[in-house]
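S.K.: Quick check, what structure comes out for this input:
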Amino acid sequence: MKKNWLYIPILSMAFSPAIAQNKERPNIIIIYPDDLGYGDIGITGHPDIKTPNLDRMALDGMRFTNYYSASPASSASRYSLLTGRYPIRSGFRWVLNPDSEKGIHPTELTLAEMLKKQGYTTAIYGKWHLGSTKKEYLPLQNGFDEYIGFPYSNDMIPPKYPDIALMCGNDTLEVNPDQSKLTVLYTEKTVSFIKKHRKEKFFIYVPYAMPHTPLHPGKNFIGKSKRGAYGDAVEEIDWGVGEILQALKEEGLDENTIVWFMSDNGPWLLQKEAGGSAGLFRDGKGSTWEGGMRVPCFVQWPKHIQSEINENIVNAMDVYATCIKLADGDIPTDRVVDGQNITSYLTKNNKVKEKEDVPFFYYGIDNQLMAVRKNSWKLHVKTYSQLGFDYFPEKQILLFNLYNDPSEKYDLSDKYPDIVKELTQLIEKQNKADRAEGSFFDKK
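M.R.: Sure, this is the predicted structure:
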């Protein structure tokens with residue numbers, strides 16, 4: 001008899017918190033859809049995709065309008081979110097396949113591991129994509145107590161790839177499952193975890209499989225959106241966000257839980273109507289143009305975060321550092337951590353140190369350093385588009401003022417040679433530091 005995997009109990013690793021619980025520390029939830037573009041949500045400009053829960057989350061909490069994923073590709077972006085480190089430090093390619101021999105190195109300190117040290121119970125429901133060939137690369141060996149999901153992208157399926165496993169911990173629940181049940185599954189498991197651990201401190205990571213293709217919206221959402229299957233999938237994710245927020249409220253945990261929502265990278269434009277939109281930004285997934293890495297980011301924490309639009313430059317690695325500090329932990333000092341604590345943006349506590357004004361580096365195809373942003377200025381030294389477009393065929397070095405030109409239409413490199421020189425030197429210095437640092441795979 002075939003198992004109903006939707007209701008199989010989750011296996012959990014035993015863990016005894018080593019520290020006393022501090023009731024002032026928040027629970028932490030990160031909701032992380034796959035390939036959602038900046039322009040695919042109502043509040044960020046889509047006219048036909050209905051996202052009332054996300055819109056309300058953005059209006060009631062903080063909306064970061066200059067938030068960046070650390071990479072325009074899946075594995076690399078997830079690595080950076082969970083380690084606080086630029087993707088070049090991972091030691092593996094920017095996208096892992098089922099036959100990839102590498103994954104997240106055991107020496108890395110994931111956000112889940114850092115929060116477990118602070119007494120948090122941890123779970124992941126959704127796409128992992130940080131290594132699939134060895135047990136040591138899977139979530140339970142990297143700080144998570146519970147795991148249900150795919151080890152890699154939902155399109156890495158037969159006939160091109162072997163059967164895909166829906167995993168529970170280190171075990172397989174089912175191969176090639178009905179993907180139309182995934183968003184409901186991950187949402188219900190998240191809600192169940194909240195209720196089960198309501199008296200503990202918890203961290204839940206919810207990397208939804210969609211709207212990455214193939215699109216499989218649930219039966220209650222098929223045909224509901226004017227935007228087709230893509231819109232259906234996004235609206236189902238919005239429903240899932242609403243269910244999670246409602247569960248927190250019902251359990252009396254909403255005021256002591258910080259919820260982050262952001263995409264892993266920009267929209268997959270190669271998929272045409274099955275892909276999303278970057279709004280006013282150029283290009284999408286795979287590129288270091290703004291459309292590839294500048295994505296929606298909303299943060300809700302009632303009674304702590306006021307309704308606000310924040311225009312500061314922040315990135316996924318900052319989320320790592322910030323969550324550790326919110327949990328009263330210490331950011332690792334035995335390795336390079338590129339993220340910074342942005343708690344000062346989230347609270348009115350004057351004792352919190354302000355984020356330093358540092359440049360943001362754009363790592364693109366195969367984790368190459370291709371661009372840098374400092375304040376309003378962005379310099380490209382290399383460009384790439386999955387669409388095959390060379391937008392400025394006569395130029396290699398490109399300079400844009402993103403405040404005046406967020407769509408990167410008007411190259412100013414000839415007009416501001418001093419800024420080009422300054423930003424070029426930043427890239428050269430960063431490249432040199434990257435080569436010197438290497439990855440844990442380089443160290444014996």
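
S.K.: next one: phi and psi at I427?
M.R.: phi -70, psi -40 (degrees, to the nearest 10).

S.K.: Verify the contact between it and K378 for me.
M.R.: No. Assessed by CB atoms under 8 Å, I427 is found out of contact with K378, at 11.5 Å. Every C-beta, even on glycine, is put in place using the N, C-alpha and C of the backbone.

S.K.: The two - which one has more neighbours?
M.R.: K378 (24 against 20; other CB atoms under 10 Å).

S.K.: which secondary structure element contains the more buried one?
M.R.: K378 belongs to strand 377-380 when assigned by DSSP states H and E.

S.K.: helix or strand right after that strand?
M.R.: Using DSSP H and E, the first helix or strand after strand 377-380 is strand 398-401.

S.K.: one step back: strand partners (parallel or antiparallel) of the strand holding K378?
M.R.: Strand pairing for strand 377-380, determined by DSSP bridges: strand 369-374 (antiparallel), strand 398-401 (antiparallel).

S.K.: contacts for the last one?
M.R.: Contacting residues not belonging to strand 398-401 are listed as 376-380, 383, 392, 408, 410-413, 416, 419-420, 423 [CB atoms under 8 Å, 6 or more residues apart in numbering].

S.K.: got it, and stretch 95-104?
M.R.: Contacts of stretch 95-104 (CB under 8 Å, 6+ apart): 73-76, 79, 82-83, 90-93, 110, 129-134, 136-137, 142, 151-152, 156, 161-162, 164, 441.

S.K.: Please repeat the previous calculation with a cut-off of 7 Å.
M.R.: Contacts with stretch 95-104, where a contact means CB atoms under 7 Å, 6 or more residues apart in numbering, come from 73-75, 79, 91-92, 129-134, 137, 142, 152, 156, 161-162, 441.

S.K.: Can I take it that G266 is in a helix?
M.R.: No. Judged by DSSP: H, G, I helix; E, B strand; the rest coil, G266 forms no part of a helix; its state is coil.

S.K.: how about it, what does it touch?
M.R.: Neighbours of G266 in contact, by CB under 7 Å, 6+ apart: G37, P72, A278, G284, K285, G291, G292, M293, V295.

S.K.: Three-state assignment for the fifth one, please.
M.R.: To tie it back to what came earlier, the one meant is K285. coil.

S.K.: Could you find the residue nearest the spatial middle of the chain?
M.R.: D264 (3.8 Å; CA atoms, centre = their mean).

S.K.: gap between the nearest residue to that residue once chain neighbours are set aside and S100?
M.R.: Leaving aside its chain neighbours, D264 sits nearest to S77 (4.5 Å; criterion: CB to CB, 6 or more residues apart in numbering). Distance of S77 to S100, given as CB to CB, to the nearest Å: 16 Å.

S.K.: count of residues packed around F392?
M.R.: 15.

S.K.: Oh, that last question was meant for I29, not what I typed.
M.R.: 25.

S.K.: quick one, phi psi at it?
M.R.: According to degrees, to the nearest 10, I29 has phi -130, psi 130.

S.K.: now do A76
M.R.: A76 adopts backbone torsions of phi -60, psi -40, taken as degrees, to the nearest 10.

S.K.: so it touches W94, yeah?
M.R.: Yes. Counting by CB atoms under 7 Å, A76 sits close enough to W94 to count as a contact (4.0 Å).

S.K.: shared neighbours of these two, anything?
M.R.: The contact lists of A76 and W94 share P87, N367, where a contact means CB under 7 Å, 6+ apart.

S.K.: Which positions within stretch 83-99 qualify as buried?
M.R.: 83-98 (16 or more other CB atoms under 10 Å).

S.K.: For it, measure first residue to last.
M.R.: The first and final residues of stretch 83-99 sit 23 Å from each other (CA to CA, to the nearest Å).

S.K.: Likewise for stretch 46-62?
M.R.: Per CA to CA, stretch 46-62 runs 19 Å from first to last residue.

S.K.: which SS class is E311?
M.R.: strand.

S.K.: any idea how far it is from N66?
M.R.: Taking CB to CB, one finds E311 at 6 Å from N66.

S.K.: between the two, which one's more packed in?
M.R.: It is N66, of E311 and N66, that has more neighbours when counted by other CB under 10 Å, with 18 against 11.

S.K.: For the more buried one, which non-adjacent residue is closest in space?
M.R.: I313 is the one closest to N66 (CB to CB, 6+ apart), at 4.7 Å.

S.K.: List the contacts of that neighbour.
M.R.: Applying CB under 7 Å, 6+ apart, the residues contacting I313 are N66, F360, R373.

S.K.: Swap in 10 Å and give it another go.
M.R.: Residues near I313 by CB atoms under 10 Å, 6 or more residues apart in numbering: 64-68, 294, 355, 357-360, 373-376, 402.

S.K.: top of those by neighbour count?
M.R.: Most surrounded of the contacts of I313: other CB under 10 Å gives R294, at 30 neighbours.
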